[in-house]
Each structure stands twice: as structure tokens, then as C-alpha cells.
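Engineer: just need the structure, nothing else, for what follows:
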Amino acid sequence: MSREEAAPEVRQTPDVSAAVHLDDVVHQRTRLGLLVVLAEVHQADFAYLKATLQLTDGNLGKHIEILAHHNLVSVRKGYEGRRSRTWISISRAGKEALEREVNALKALLSLDAQH
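Structural biologist: Got it, this is the predicted structure:
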């Protein structure tokens, strides 16, 4: 091989083991969005989350139910005047799960920066 001929580039397969740290409950797009919004505002009512995330009542309700089942959010129902309202708050476990998810995503993104 002459000096002018370049050796073929050998690419190593990136180590994507950081992906095992992604949490299927948290990683789902809508639930991740819910946790991010709630981490920022701490508590929000159903209507605010529905408008912010552009979801239907049923879709939002199902995802809140899943997060609540895993103790990542708490749900409080009550009344404001005569109108029933539902408030959702992120739990400590939810904040920790979100932080782990963000760290796992950062680890995956750093793989791209290394190559």
C-alpha cells in the first residue's frame, strides 16, 4: 500500500450499555414530558398539563395513572369553587427517576461525541 492510499477507516461499535439504564416507564415520550414539566412547576392541574403537552383527556389520564402506579407522581382531587379539579405533583421518586433518565441519555449522547 502506498502512502497516498488511505487505510480503510475502522469504526468501533459504540458501547451502548448506558441504554440499559433507560427506564421504560419514564422513557416513554409523554411520560417523560409530564415528569419534565412537573419537575419545573412542581404541581400542575390536569388542564394545564393537557394544554402544555397537547394531549387528549384520555391519553393524559392514562399516562398519569401509569406514573402514579409507579409512585412517580401523586394525584390530588378537589374543588375550586364548584368546579372539580385534579392536581398532579412529581414525587421524590419521580424526581430521582427523571434524574437517572437524564443521566442515561447524557451518557448515550457522550458516545456520539467520542466518535
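
Engineer: find the residue at the geometric middle of this protein.
Structural biologist: Residue closest to the mean C-alpha point of the chain, counted by C-alpha atoms, centre = their mean, is residue 32 at 2.2 Å.

Engineer: state the number of residues packed around residue 47.
Structural biologist: 12 (other C-beta atoms under 10 Å). Backbone N, C-alpha and C define where each C-beta goes, glycine included.

Engineer: I'd like the distance between it and residue 82.
Structural biologist: Separation of residue 47 from residue 82 (C-beta to C-beta, to the nearest Å) stands at 16 Å.

Engineer: look up the closest residue to the residue nearest to the centre of the chain, ignoring the ones flanking it.
Structural biologist: Nearest-residue entry for residue 32: residue 26, 6.0 Å, with adjacent residues in sequence omitted and distances by C-beta to C-beta, 6 or more residues apart in numbering.

Engineer: same question for residue 77.
Structural biologist: residue 86 (5.2 Å).

Engineer: quick one: that neighbour is in a strand?
Structural biologist: Yes. Looking at residue 86 with DSSP: H, G, I helix; E, B strand; the rest coil, it is inside a strand.

Engineer: look up how far residue 65 lies from it.
Structural biologist: In terms of C-beta to C-beta, residue 86 sits 11 Å off from residue 65.

Engineer: pick out whichever of these two has more residues nearby.
Structural biologist: residue 86 (16 against 12).

Engineer: who's in contact with the more buried one?
Structural biologist: By C-beta atoms under 8 Å, 6 or more residues apart in numbering, the residues touching residue 86 are 45, 46, 75, 76, 77.

Engineer: next: residue 97.
Structural biologist: Residue 97 neighbours (C-beta under 8 Å, 6+ apart): 23, 25, 26, 35, 70, 72.
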